[in-house]
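1. Quick one, fold the following:
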Amino acid sequence: MVIGILIALQINNWNEARKNRKYEKEYINRLIEDLEHDQKDLASVIISNSVNLILAEDALLRLGADTSILSRGKAYEMANDLVTIQNEELSYKDSIISRQFELKYFGNQLTWLTQTREFDLTQTTINDLISTGKIEVIRDRTLKKKYTRLLRLYAE
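-> I've put the predicted structure just below:
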């Protein structure tokens with residue numbers, strides 16, 4: 001009788017471990033999908049902000065303002081690598097977006113400047129893992145630490 005109970009417990013434990021491996025694989029695939037989506041979205045936000053930085057500088061120049069107040073750091077360098085203004089046309093290109101438009105009308109330029117984008121980290125899967133308590137099915141502690149660090153960085 002005791003042996004039968006022990007065998008039943010062992011089968012139950014084995015079955016539970018098998019289910020957890022299935023959940024782990026599904027959740028890791030979903031986390032990868034979230035990160036791939038975030039990577040594309042972040043690239044789009046970088047382009048949008050680069051366009052705005054270059055447009056802001058051009059608008060200040062058109063108004064006769066001193067553009068030396070603009071930061072000339074890494075963001076400015078990156079924006080200049082991604083965006084160009086030539087002959088009243090602004091163009092930008094990367095792996096996601098390629099666009100060109102005319103800057104004939106200053107009002108259009110100012111309207112574009114007001115269209116800012118922010119980056120929002122996709123947290124659907126990690127929130128699901130935490131709220132259901134299934135975070136424990138992910139055995140890789142390094143993966144959990146890195147994802148937690150990413151969430152903390154984003155929250156700052």
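
2. Let me see the contact set for residue 18.
-> With contacts defined as C-beta atoms under 8 Å, 6 or more residues apart in numbering, residue 18 is in contact with no residue. Quick note: C-beta positions are derived from backbone N, CA and C, even for glycine.

3. Let me know the pLDDT of it.
-> The predicted structure scores residue 18 at 94 on the pLDDT scale.

4. Wasn't it part of a strand?
-> No - going by DSSP: H, G, I helix; E, B strand; the rest coil, the assignment for residue 18 is helix, not a strand.

5. Please tell me how far it sits from residue 24.
-> 11 Å (C-beta to C-beta, to the nearest Å).

6. after the helix or strand containing residue 52 comes which helix or strand?
-> Residue 52 is part of helix 2-62, with elements assigned from DSSP states H and E. On the C-terminal side of helix 2-62, the nearest following helix or strand under DSSP H and E is helix 74-82.

7. Contacts made by that following helix with the rest, please.
-> For helix 74-82, the external contacting residues (C-beta under 8 Å, 6+ apart) are 46-47, 49-51, 53-54, 70, 92-94.

8. can you do 7 Å?
-> Contacts to helix 74-82, defined as C-beta atoms under 7 Å, 6 or more residues apart in numbering, come from residues 47, 50, 53-54, 70, 92, 94.

9. Point to the helix or strand of the protein where mean pLDDT is at its lowest.
-> Taking mean pLDDT, DSSP states H and E as the measure, the helix or strand of the chain with the lowest value is strand 98-102, at a mean of 57.

10. C-alpha coordinates for stretch 115-125, CSV please?
-> Extracted C-alpha coordinates of stretch 115-125, given in CSV (Å, rounded to 0.1, in the frame of the first residue of the first chain):
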residue,chain,number,x,y,z
GLN,A,115,4.1,64.5,-32.6
THR,A,116,6.4,62.9,-30.1
ARG,A,117,6.6,59.2,-29.4
GLU,A,118,7.5,57.4,-26.2
PHE,A,119,8.8,53.9,-25.7
ASP,A,120,6.7,51.5,-23.6
LEU,A,121,8.2,48.2,-22.6
THR,A,122,5.9,45.3,-23.3
GLN,A,123,5.3,43.7,-19.9
THR,A,124,2.3,41.5,-20.7
THR,A,125,4.2,38.2,-20.4
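
11. Thank you kindly, that will do.
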